[in-house]
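dropping a prediction and its sequence here:
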Amino acid sequence: MKKRIRDYGIRIGDHPAGALNKLTDVPGVRVGHYTVDTEEHKTGVTVILPCEENIFASRLTAAAFVHNGFGKTAGIPQIEELGTLESPIALTNTRTWERSMTRWWIIWWSSVKGTAWSSPP
């Protein structure tokens, strides 16, 4: 089995880990993943739903920190200015956001939850 950083005695943060040491140890947090692995496309998306409530209607207090400045982010300026998170968190390939399933998934999810949300054209 692959070792985790805690297996080497390195502890990050002040809070105790959950039973499985995963995001889903936090009540209400859900995580989903989908992979496309074809000759033409090798991509995927991981989506984190941070609460059980409708995130579009029940905004969460949030903060952001850029660790190394290399990754591309969308939504950080809003979090920094308003201090709130009002959409699912999606992790995907940097270069495929506009055409990706990530954008489609978030727009679809918002329509299922009865809210209007889309990214700029």
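Perfect, thanks for sending it. Numbers count the residues shown, from 1 in each chain.

could you pull out the helices in this structure for me?
The residue ranges that make up the helices of the chain, judged by DSSP state H, are 76-82, 101-112.

what comes up buried for the first one?
Put plainly, it is helix 76-82. I79 (16 or more other CB atoms under 10 Å). For the C-beta atoms, the positions are set from N, CA and C on the backbone; glycine is no exception.

CA-only coordinates of it in PDB, if you can.
Once non-C-alpha atoms are left out, helix 76-82 reads as follows in PDB (Å, rounded to 0.1, in the frame of the first residue of the first chain):
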ATOM      1  CA  ILE A  76      -9.800  33.000  -6.300                       C
ATOM      2  CA  PRO A  77     -10.400  36.800  -6.800                       C
ATOM      3  CA  GLN A  78     -14.000  36.400  -5.700                       C
ATOM      4  CA  ILE A  79     -13.000  34.400  -2.600                       C
ATOM      5  CA  GLU A  80     -10.400  37.000  -1.700                       C
ATOM      6  CA  GLU A  81     -12.700  39.900  -2.200                       C
ATOM      7  CA  LEU A  82     -16.000  38.500  -0.800                       C
END
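
lowest average confidence across the helices of the chain, which one?
For these, mean pLDDT drops lowest on helix 101-112, to a mean of 63.

and the residue minimising distance to the centre of the chain, what does it touch?
With distances taken as CA atoms, centre = their mean, I89 lies nearest the centre of the chain, 2.5 Å away. The contact partners of I89, taken as CB atoms under 8 Å, 6 or more residues apart in numbering, are V47, I48, P50.

and with 10 Å instead?
I89 makes contact with L23, V31, T46, V47, I48, L49, P50, I55, A62, G75, I106 under the criterion CB atoms under 10 Å, 6 or more residues apart in numbering.

okay, and the beta partners of it?
Under DSSP bridges, the beta-bridge partners of I89 are I48.
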